[in-house]
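Asks: sequence-free structure coming up:
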């Protein structure tokens, strides 16, 4: 997530839409991607990201700069996505047209096949974990957060981060026989 | 095997995630050189437990997301306040005094009031006592209150003189 100037945050907290757009631009990739991986489908990810940004917009006026803005956004996003995933535990597959666009050229499709395969594999593997474990794996392996940052974002002990990652990876290793990594 | 269990715990978490200090890393790597089972385990964790996610593609943010958010913000600004805004406004209007200063003020006021009341009561009792004493003097001397004339001295004047 990109850094945001304090001045921009202050303006956004006072209701300046242009400043809030700057906040959005700097954090939307993180928010959307975490939402997407935790809820594990695009439709719900948009809904989650929208709600997360509305929460940020409303709560920004109470943000006191005592903690890092990034950590604050990590926390709001991860918690909202986890709760959403727990309430709506369903998995949807993305239709071909939605993923590539209608009338996609064959060469483009081939170029995206590898990406698609990897994308489906990630979705399948994440689908095997519970929302709490999924959030840890997403924040660590996809977003590259440290254990300390994950602990702060999820408001849990650093050893809980360790144990969730350990259990997640043990679970993923136990799937070796049931998931064909080449054909997913 | 017990030794391997400890290393495998580290391989599953801190080692693969780069959370170990130099000495601990050297310890794990020393063990990996000696133990082929743990080497295979490490390869397995890396390939199937972490790599698929580390190589995951980050889907682009849908272009319509910002326009939807912006529209919601503008709708809120134009009329309907959110419940949070309403609470914030009410908070600004109503001042909730803090309980400790209020309690302390009440105690001080109570003490000051009781001291004042006590002083007044003592003063009233003294006045009443003095009045009663004078009345008893008058009655014991057989004197009566003077008539409205200026002849002679009254018993009170006589007492003080």
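Replies: Thanks, I have it. As the structure is a prediction and not an experimental result, all values here were calculated from the model.
Asks: which stretches of chain B have low pLDDT?
Replies: Scanning chain B for pLDDT under 70 picks out the ranges B:1-2, B:80-86, B:88-89, B:92-98, B:141-156, B:158, B:161.
Asks: Residues of it that sit close to chain A?
Replies: Within reach of chain A by Cβ under 8 Å from any Cβ of the partner chain, chain B has these residues: B:9, B:12-14, B:17, B:19, B:44-45, B:48-50, B:52-59, B:61-62, B:65-66, B:68-70, B:72-74, B:77, B:82, B:84-85, B:88. (C-beta placed from N, C-alpha, C; glycine too.)
Asks: what number of residues lie near residue A:1?
Replies: Look at residue A:1: counted by other Cβ atoms under 10 Å in any protein chain shown, it has 17 neighbours.
Asks: Next one: it relative to residue B:99, how far apart?
Replies: Distance from residue A:1 to residue B:99, counting by Cβ to Cβ, to the nearest Å: 41 Å.
Asks: quick one on the thing from earlier: Produce a ChimeraX select command limited to the buried residues of the residues of chain B next to chain A.
Replies: Selecting only the buried entries of the residues of chain B next to chain A in ChimeraX, with 16 or more other Cβ atoms under 10 Å in any protein chain shown as the criterion:
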select /B:12,13,14,17,19,45,48,49,50,52,53,56,59,61,62,65,66,68,69,73
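Asks: residue ranges for the helices of chain B, please.
Replies: For chain B, helices defined by DSSP state H occupy the ranges B:2-10, B:22-34, B:36-44, B:51-54, B:64-78, B:83-93, B:99-140, B:155-160.
Asks: can I get the ones you listed in CSV with distance to residue A:11?
Replies: Listed next are those as CSV, based on distance: least, Cβ to Cβ, whole Å:
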stretch, distance to residue A:11
helix B:2-10, 46
helix B:22-34, 44
helix B:36-44, 49
helix B:51-54, 36
helix B:64-78, 14
helix B:83-93, 18
helix B:99-140, 35
helix B:155-160, 85
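Asks: Of these, flag the one that's most buried.
Replies: helix B:51-54 (a mean of 17; mean count of other Cβ atoms under 10 Å in any protein chain shown).
Asks: Can you get me the start-to-end distance on stretch B:43-58?
Replies: In stretch B:43-58, first residue to last residue: 25 Å (Cα to Cα, to the nearest Å).
Asks: how far does that stretch sit from the chain's center?
Replies: Offset of stretch B:43-58 from its chain centre (Cα atoms, centre = their mean, to the nearest Å): 47 Å.
Asks: picking that back up, what's the closest of the helices of chain B to residue A:26?
Replies: Comparing those by their distance to residue A:26 (Cβ to Cβ), the top pick is helix B:64-78, with 12.3 Å.
Asks: The closest one - contacts with which helices or strands?
Replies: Helices and strands touching helix B:64-78, by 3 or more Cβ pairs under 8 Å, 6 or more residues apart in numbering or on different chains; DSSP states H and E, are helix A:17-39, helix A:42-59.
Asks: Can you list the neighbours in contact with it?
Replies: A:15, A:17, A:20-21, A:24, A:28, A:32, A:46, A:49-50, A:53-54, A:57, B:82, B:85 (Cβ atoms under 8 Å, 6 or more residues apart in numbering or on different chains).
Asks: Pull the contacting residues for residue A:126.
Replies: A:37, A:40, A:134, A:137, A:138, B:53.
Asks: quick one: which of these is nearest residue A:68?
Replies: Nearest to residue A:68 among those, with distances taken as Cβ to Cβ, is residue A:138, at 19.2 Å.
Asks: hang on, the closest one packs against residue A:39?
Replies: No - assessed by Cβ atoms under 8 Å, residue A:138 is found out of contact with residue A:39, at 10.4 Å.
Asks: quick one on the thing from earlier: most neighbours among the contacts of helix B:64-78, which one?
Replies: The contacts of helix B:64-78, ranked by neighbours (other Cβ under 10 Å): first place residue A:49, 29 neighbours.
Asks: Pretty sure that one sits against residue A:28.
Replies: Yes - with contact defined as Cβ under 8 Å, residue A:49 and residue A:28 form a contacting pair (7.1 Å).
Asks: Need the overlap of contacts for the two.
Replies: Residues touching both residue A:49 and residue A:28 (Cβ under 8 Å, 6+ apart) are B:61, B:65.
Asks: Averaging pLDDT per element, find the lowest-scoring helix or strand in chain A.
Replies: Lowest mean confidence among the helices and strands of chain A (mean pLDDT, DSSP states H and E): helix A:96-100, at a mean of 40.
Asks: Between which two of the contacts of helix B:64-78 is the distance greatest?
Replies: Longest span within those, Cβ to Cβ: A:32 and B:85, 26.0 Å.
Asks: Quick one: residues in contact with stretch A:7-20.
Replies: A:22, A:23, A:57, A:60, A:61, A:63, A:65, A:69, B:70, B:73, B:74, B:77.
Asks: And that stretch, what's buried?
Replies: Applying 16+ other Cβ under 10 Å to stretch A:7-20 flags A:8, A:9, A:11, A:12, A:13, A:19, A:20 as buried.
Asks: No further queries at this time; thank you.
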